[in-house]
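Peer 1: Show me the folded form of this:
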Amino acid sequence: MIDIRPAVPADADGIAAVLEALRQAGRRKTAGDAAFVRETYIENDNRIACSVAVDAAGRLLGFQSLQIAPEGNPYGAPVGWGVIGTHLHPDASGQGIGRALFAVTRAAAEDARLPAIDAQIGADNAQGLGYYSAMGFVDYRETPTAVGKKLVLTT
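Peer 2: Numbers count the residues shown, from 1 in each chain. Alright, predicted model coming up:
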């Protein structure tokens, strides 16, 4: 059984371990230590939601972050949209964890009355592109290295 719950500062080491596992598997270019995780995901001023997936043994299997896009955000997302990031441990793929995380994230986006959610996925990340398409996101912009997907919300 997988528990989906809000991330807390004590989750920073577990989230950092997921990022490192993804880096080692060649599915992420950079990792991040606990301080990076707290600043970027858990305690970020633009945070709307950050949820973690934890198994029955207490192992953190992944997380999903939703933030509001401020002026000049590094993703180029329209101001006021949500910006989403999904990170699952390589051993946790195919268990429905991403879908469970997104159910919580989508509800948070709707509660925040966001007009849309932006996802930036590496152009070479077939798994990530497939995941966001399965969640209802559609392509709306491309760069040489990334595909921008959006999900327009009806609130």
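Peer 1: export the helix or strand that residue 53 is a member of as CSV, just CAs?
Peer 2: Following DSSP states H and E, one finds residue 53 within strand 47-55. Only the C-alpha atoms of strand 47-55 are listed here, as CSV (Å, rounded to 0.1, in the frame of the first residue of the first chain):
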residue,chain,number,x,y,z
ARG,A,47,4.6,26.2,-3.3
ILE,A,48,1.0,25.2,-3.7
ALA,A,49,1.5,21.6,-2.9
CYS,A,50,4.3,19.1,-2.6
SER,A,51,3.2,15.5,-2.0
VAL,A,52,5.3,12.4,-1.3
ALA,A,53,4.5,8.7,-2.0
VAL,A,54,5.6,6.4,0.9
ASP,A,55,5.3,2.6,1.0
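Peer 1: mind checking how far that strand is from the chain centre?
Peer 2: 9 Å (Cα atoms, centre = their mean, to the nearest Å).
Peer 1: Residue numbering should commence at 718 henceforth.
Peer 2: From this message on, residue numbering opens at 718, which makes the last subject strand 764-772.
Peer 1: for it, packing partners?
Peer 2: In this structure, strand 764-772 packs against strand 719-723, strand 777-785, helix 814-828, with contacts taken as 3 or more Cβ pairs under 8 Å, 6 or more residues apart in numbering; DSSP states H and E. Just so you know, the C-beta spots here come from the backbone N, C-alpha and C atoms, and that holds for glycine as well.
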